[in-house]
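**Student:** Got a predicted structure here, sequence first:
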Amino acid sequence: MSWFDHRKLIRVEMANATANGLPTINGIYVDNARIARAGGDWWPPVVIKADEGDDAPRDYTGGNHLKGGVRTARLLDWQLNRGGGDCSSFSVSWTVELMAYNTVGKRRPIAQQQFVARFYPGVIETVYGITLSEPASVLWENGPQMTTDGFRESLHFIGGAPQPGTPFIDDVRNSGPRRQFKTDRIAVVTGTNAVQASWVDPKFDAGDGRYVDPRSAFMRSAQRTGKVYQAIVTTPIHFNAGQGYQWRGGYAWGIHESDVIALIRKRM
């Protein structure tokens, strides 16, 4: 996806480049110079425990996560929908077959993730759903997470802490307990050349925080990974076969923070 913003050409690349061969953001460019390598997890892996599974240690499956060198997810289908040539928007949809961390040993998938990502100039809007095919508990899910390579000058959680202009240090920060945070779910990181953000629609299904512990934060940065996360599940929730949840959210880029926030709010 390429577009002009304040006379700068911004390009975001997507590729099936995770360890499981799943779609991810694979590079970000300004005026054809690569400012972020991206890669790794963007659309989420999940921590799932099947009711009928082995005693394997808790871990993520899907996304960029293998377990003992074994793939934990499989891309079932992938489809690009566009009008041809230049266009004002296009969409990519894909379905992922996902194992629980305690069914990888048996190579048994127990869930499907469905993604529909709509690309607009400056914004990716994703509608995500996960459906269990057998009884299991979802223990943790980070929603639309983002790497921050190329965007480590400042960090800002809209409506929470830290405030605009706070230096992005290699430390753990969060937006404050969910019970105190009632506004937008937008996380912004800035770099020398551009601004990047992740967002979740708080009015769409699990985006309202129903599976987030009231003491947990909606948004946080992590010291070990240098990433920024949006909490969707932080307290275990059990589902039967055929059940699951959804969220709506995604990413945005631009030259100025105010413009990026305006683009996101237009999609909410």
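**Tutor:** Perfect, I can see it now.
**Student:** and residue 4, how many residues sit next to it?
**Tutor:** By the criterion of other Cβ atoms under 10 Å, residue 4 has 11 neighbours. All C-beta atoms are positioned from the backbone trio N, CA, C, and that covers glycine.
**Student:** How about the contacts made by it?
**Tutor:** Applying Cβ atoms under 8 Å, 6 or more residues apart in numbering, we find residue 4 in contact with residue 10.
**Student:** where does it land in three-state SS?
**Tutor:** Secondary structure, DSSP: H, G, I helix; E, B strand; the rest coil: residue 4 is strand.
**Student:** what's the answer for the one 5 residues further on, then?
**Tutor:** With three-state DSSP as the basis, residue 9 sits in strand.
**Student:** and it, what are its bridge partners?
**Tutor:** When assigned by DSSP bridges, residue 9 has beta-bridge partners residue 4.
**Student:** And for residue 249?
**Tutor:** Note on residue 249: beta-bridge partners residue 126, residue 200, judged by DSSP bridges.
**Student:** Next, find the distance separating it from residue 44.
**Tutor:** As judged by Cβ to Cβ, to the nearest Å, residue 249 and residue 44 stand 10 Å apart.
**Student:** what touches both of the two?
**Tutor:** Joint contacts of residue 249 and residue 44 (Cβ under 8 Å, 6+ apart) are 128, 143, 144.
**Student:** Quick check, the second one in contact with residue 248.
**Tutor:** In other words, residue 143. No. The pair residue 143 / residue 248 is not scored as a contact, 10.0 Å apart, by Cβ atoms under 8 Å.
**Student:** how many other residues sit next to residue 34?
**Tutor:** Using other Cβ under 10 Å, residue 34 has 13 other residues around it.
**Student:** For it, give me the pLDDT.
**Tutor:** pLDDT recorded at residue 34 is 93.
**Student:** which strands and helices sit next to the helix or strand hosting it?
**Tutor:** Assigned by DSSP states H and E, residue 34 falls within strand 33-36. Contacts defined by 3 or more Cβ pairs under 8 Å, 6 or more residues apart in numbering; DSSP states H and E place strand 33-36 against strand 23-30.
**Student:** residues of stretch 15-24 that come out buried?
**Tutor:** Across stretch 15-24, burial judged by 16 or more other Cβ atoms under 10 Å covers 17, 18, 19, 20, 22, 23, 24.
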